[in-house]
Structure formats: structure tokens, C-alpha cells
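*Asks:* Quick check, what structure comes out for this input:
(chains A and B)
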Amino acid sequence: MIASSSFRFRLESILIYLGLGIFAFIAVTPFLHTIARSFSAEAPILRGEVYIWPVGFSFDSYERLIIGGTFWLAYRNSFLITFYATLVQMTMTILCAYPLSRTYLPGRGIFMALIVFQMIFPPSLIPFYLTVREVGLIDSWGSLIWPYAINTFNMIVLKSYFQALPKELEESAIIDGANDFKVLIYIMLPLSVPVILTLTLFYVVANWNLFLPAIFFINDGNKQPLQVILRDMIWSMQLATQTASADDFERLAGMEALKASSVIIAAIPMLIAYPFFQRYFIKGILLGAIKG
Amino acid sequence: MATSTASKSIGPPGRRRGFWAQFLFNAWTYRYLYLMLVLPFVFFIIFRFYPMFGNIIAFKKYQLMRGIWGSPWVGLTHFNTLFDDPAFLRVLRNTVSIAAFKLLVTFPAPIILALFINEIRHMAYKRFVQTVVYVPHFLSWVIYGAILYIVLSPANGLINNIISAFGMEKVAFFQKPALFQPIVIISSLLKETGWAAIIYLATISTIDLTLYEAAIIDGANRWQLMRHVTLPGLALTIVTLFILQIGFFLNVGFEQIFILQNNMILSTADVIETFIYRVGIRQARFDFTTAAGLFNGLVGMVLVLLADRLAKRLDLSGIF
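*Replies:* Here you go, the predicted model:
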């Protein structure tokens, strides 16, 4: 775009390219270090020799984790939670967004005002916690799903999208004798596939990364999602390595590499899905931004 | 049925009816739409509005047996205790301090990143940089926090390896109160800056190219283009996001701070939300911490409303 190719311009370009490269490198280095550790033998890690490349290549820690089996439970729980929660959330979001996108609907203004009010003044933690307890959801996956059934921001994005679809589509279908459910399912939803997909991914990522609600509401170790199980593992290993004395060496064998490989195993599903998510997420962000 | 439902798209019925007659008429005409709203309505009532009334235990002495409604009133006692409690004042100070740093550091960072990414003409390199800086956003704070623990490990983490390679003394990063807030700021910088830059990059792509051409003909260099064309093009987005940020000033990142804090460094690491969780849910002091939550919520509400007012004054059509 800029025709100038003076020496100064080129020098600046090189510096900018370099600067961004350094930023990207710094952002990604913690991962490289963790990956390197997970594939390293324990001794070089303890001696502080591992930087971003494995030293004394070893697959032991992964073997221990895979045989140990805790992660299968964690994966299973998180997978099921993500599946159920996303299903409920998408259904509820659609059911809420569609009627509110019909500008002629009497009472719509009151409903919207209530929704805006709870955005400005969200429930604080303790009354929210007591409510979930009163409803009887403590220690069940329902506590991770129902209290979070509608994300207001996502709902408003979808509402605006429905609102922007041409009115004639609905009118002609109604004249043909379709009711609102049919209009929604056979006309509106097929026209909204990109936005539906994007919102689904928003929910999927949020549910997969879900942590605090499980800390609040779930005490049963067998029901915890991946994130909580991972944190407990890291904490207990951290504690073990910090309080260890020299003769504990056997008990601690491989702990550092194990810590790193737990993190990597927990991160893998997101990293695999990332290229796919990246594309739709960017679209989604722009949808939210353009809505105005 | 067909005729009555069709009437809604044509417009409001011409005949005047009484209130209840009109109500029933609407309820029947739009029954399917209202039916869709039933579940969402129940959701909002139970999980968003009912808890708002639960806030009254901030003015009561909560007794498990008598529940929220039956417990005796105690007026403003909890608020008095709260503002006499040095632990809460510390919490308040930490919250404001982290919030201010986040506003000063993590707010401008994505703007600068976007301006520089925009200068890359080499498409493959541009895509590479973007892909790399977006990744951490998708990982949970649990995973990112664990990675930080590993990288900053006092005995053999990457940073301490480098420090000791230069012959300096190793640092126990997570045991020094003075280092907690810098760690919070830097880690959110590394995790979220890339992602936050997307919105600015998208806005930059909508700037009219002829503006650049005209400026180049006038002899503008790279920095002048950035200063006089790109930044003004971003101004509206920057102001909008800044106002939004002010509205959510006190939300300093519950999950992040909860994961990174430990008992050794609570003096700088405890913020309102973690305080409410620890004292409220862990120690079951529901009434006292609800007072803290109510205070937090009211301040938040005032800030959001002020921000909204500000946005309207600046002709940004408000946040909501």
C-alpha cells in the first residue's frame, strides 16, 4: 500500500516484524517450556536444564497418567457436562431470543427491561449460592447447567440476528398456516446456521473450561469436571514437591514431569479444536460488535 | 386460528377492547410465542431475580433453621462490621489497585498490538502472529495458572533457570506479596491481549482506503498514517470499549485471581469476590458476606449507569 521503500521505512518494518515475533514468542514460551518438561526425564528438570526443548527424552509421565486413569473420569465428566449444558443453553437461548425478536409482541418491552436490569445488577454470589442450594441442585451437574442456562450477551446477539431477517418470510409462512414453532424451526433456524454455530461454540468453550461453578456447587470428587480435577492434581503435586525432604525422593519420582504432562493432557482437546474455533469465534465477535 | 394469527403481522386489531379483553386476546393470538418464553422466564425469575431478594440477609442475622425470610433483622450491623474489618479494607484496596492497573495496562495493549499487526504486509507472517497470540485465550485459567506455576517454579522453572544462569538469586514468585499483582497483570496481558486485538483489527479493516491514499499523497509517513488515519478510525471503538471497561471496573477476574492466589500472599492477593467466596461459602458467614456482595453490586451498578450516561453524552447510543 505504501510505495515508499526508503531505508528508514524498511528498518522500521524489520523492527516491527521483530517486535511482534518476540511478543508471539514470549506468549508461547510458557507452553513450549511445559511441553518440553512433560517429555523430559526427571533429573534434568530438577537440575534446571530444561528450557524449551526436552532433555533426556522420556514418555514415562504420559504413560503413568494414561494408566493411572484419573483423566478418563475427568474427560468423561467434562464431556458430558459440556454436552448437556450446551444443549440446554442453546435451546433456552433460542426460545428466549426468538419471541423477543418479534417487535410486535405485547409485553416484549417489559421482558427486555427485566433482562437489562439483571445485566446491570447481577445476583451476588451468596444469594445465588443459597438459591442453588434451595432448588436442591448442590452436588449435581444440574448446578452447572440450569443456573447458567442463558448467557444474556449471546441471547441478545441471536435476538438481533433474528430481528434482522426479512419480515416477509414469517408473514408468508403464517399465511400458509404455520404456527410460530414451525416458523422458528423450519424458516428462522435454517437461515441462522452461522450464528447458531458460533454461539454453540461460545457455550462449548465456556462449558469445557468451566471451573468456578464446580468449586461453588460440587463437593463430590467423582462428579468434578476436568478443570477442578486438574487443579487438585497440580495443587497436591505442588505441595508434595515443596514439602519434600531428601529421603522422599522415591515418592516424588517423576513429579515434575507429571505436573507438566497433566497440564498438556488437559489442554489437548482445546488445542485440537482451536483452528476450527478460531475461525467461528472471530465471526462471532464481529457479530456482537456490529450489532450496535 | 389462521386468521387471528395472521392479523398480528398486518397490525394491531382496529377494534378497541377493554384491558382484560385485550389481554386475553393477546395471550391467545401470540400463545406460541409466549409459550416459548415460559422456560426462559422461569429461569430469569429463579436464578436472576429471586437471588436479588436474597440480598436482604445482608440486613439480617442468618439462621440456618429459619432460612432467609424467617431470620431476625439486624439493620446495618453487618455493614458496620464490614467497614471496621481491616481484612475487608485490605480487600477493597487490592481490588481497586488491580482494577486500576488492568485499566492502565491491559486496556491499551491490544490497541498497540493491533496497530502493529496492521503494519505487517507479509500475509503468512501476519496469520502466524495472529494464530499464536490468540491461542492462550481458549485455555482455561486453571491450565494457564498451572503453566505459570511451572514456569515460575522457584526450584527449576524456566524463569528461575534463566535467572540463575545469569548468576542471580532465584525468586519464589508465588510467595512474595509484592509480586502477586504484577503477575496478575502480566499474565492477563499475555493471555488476553491477542484476543482483545481482534475487535480493533476488524475496525481497522473497515477504514476507507482512500483516506490512506490521500494521506500518502500528502507525504505522510508510517507513524503519521497511524496517528492521523488509523487511530481516528479506531476512536469510536476505543471510547466504547473504555466506557464498557469502566462499567465493569470491579470485575477484576475472579477465576484468574482465585487460581493464582495462596494463603501466603493474601495481603495483596485477596479481592472482593475471593473474599466473599472464602469467608461466605467456606466459613458459612452468609449474612456478613452478602453485605460485601451487595456493596460490590451497588458500586458496580452505579459505575455501569455512569458509563452508560457517559456513552449517551458522547453520542454512542449507550451500552444497552
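*Asks:* Domain map for chain A?
*Replies:* A:1-58, A:60-292 (automatic domain parsing).
*Asks:* mean pLDDT lowest for which of those domains?
*Replies:* Among the domains of chain A, domain A:1-58 carries the lowest mean pLDDT, a mean of 84.
*Asks:* any idea what sits nearest A:Val183, other than its immediate chain neighbours?
*Replies:* A:Ala173 (4.9 Å; C-beta to C-beta, 6 or more residues apart in numbering or on different chains). C-betas here are computed from N, CA, C, even on glycine.
*Asks:* counting contacts, what elements does the strand or helix carrying that neighbour pack onto?
*Replies:* Per DSSP states H and E, A:Ala173 falls inside helix A:167-175. In terms of contacts (3 or more C-beta pairs under 8 Å, 6 or more residues apart in numbering or on different chains; DSSP states H and E), helix A:167-175 is packed against helix B:2-10.
*Asks:* For the helix it packs on, the averaged confidence score.
*Replies:* pLDDT averaged over helix B:2-10 gives 44.
*Asks:* what element comes up after it heading to the C-terminus?
*Replies:* Next along from helix B:2-10, by DSSP H and E: helix B:19-29.
*Asks:* Show me what counts as buried in that next one.
*Replies:* Buried residues in helix B:19-29, counted by 16 or more other C-beta atoms under 10 Å in any protein chain shown: B:25-26, B:29.
*Asks:* Return only those of the residues you listed found close to chain A.
*Replies:* Applying C-beta under 8 Å from any C-beta of the partner chain to the buried residues of helix B:19-29, one finds that B:Asn26 fall near chain A.
*Asks:* out of the buried residues of helix B:19-29, who's nearest B:Trp195?
*Replies:* Nearest to B:Trp195 among the buried residues of helix B:19-29: B:Asn26, at 44.1 Å, using C-beta to C-beta.
*Asks:* Now do the same for that closest one: its pLDDT.
*Replies:* Confidence score, pLDDT, at B:Asn26: 87.
*Asks:* Nearest residue to the middle of chain A?
*Replies:* By C-alpha atoms, centre = their mean, chain A has its centre lying nearest to A:Val205, at 2.6 Å.
*Asks:* Just to check, that residue is in contact with B:Ser140?
*Replies:* No. The criterion here is C-beta atoms under 8 Å, and A:Val205 misses it with B:Ser140 at 9.1 Å.
*Asks:* next helix or strand past the helix or strand where B:Tyr200 lies?
*Replies:* Using DSSP H and E, B:Tyr200 sits in helix B:177-205. Next helix or strand after helix B:177-205 toward the C-terminus (DSSP H and E): helix B:209-217.
*Asks:* For that next one, name the packing helices and strands.
*Replies:* helix B:222-225.
*Asks:* and the helix it packs on with chain A, contact?
*Replies:* Yes. Between helix B:222-225 and chain A, judged by C-beta under 8 Å from any C-beta, the touching residues are B:222, B:225.
*Asks:* which non-adjacent residue is nearest A:Pro269?
*Replies:* A:Trp208 (7.0 Å).
*Asks:* residues in contact with that neighbour?
*Replies:* A:78, A:82, A:226, A:269-270, B:140 (C-beta atoms under 8 Å, 6 or more residues apart in numbering or on different chains).
*Asks:* Please produce TSV containing those, extended by neighbour count.
*Replies:* TSV is the format used below for the contacts of A:Trp208 (neighbours: other C-beta atoms under 10 Å in any protein chain shown):
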residue	neighbour count
A:Ser78	24
A:Thr82	22
A:Leu226	28
A:Pro269	15
A:Met270	17
B:Ser140	24
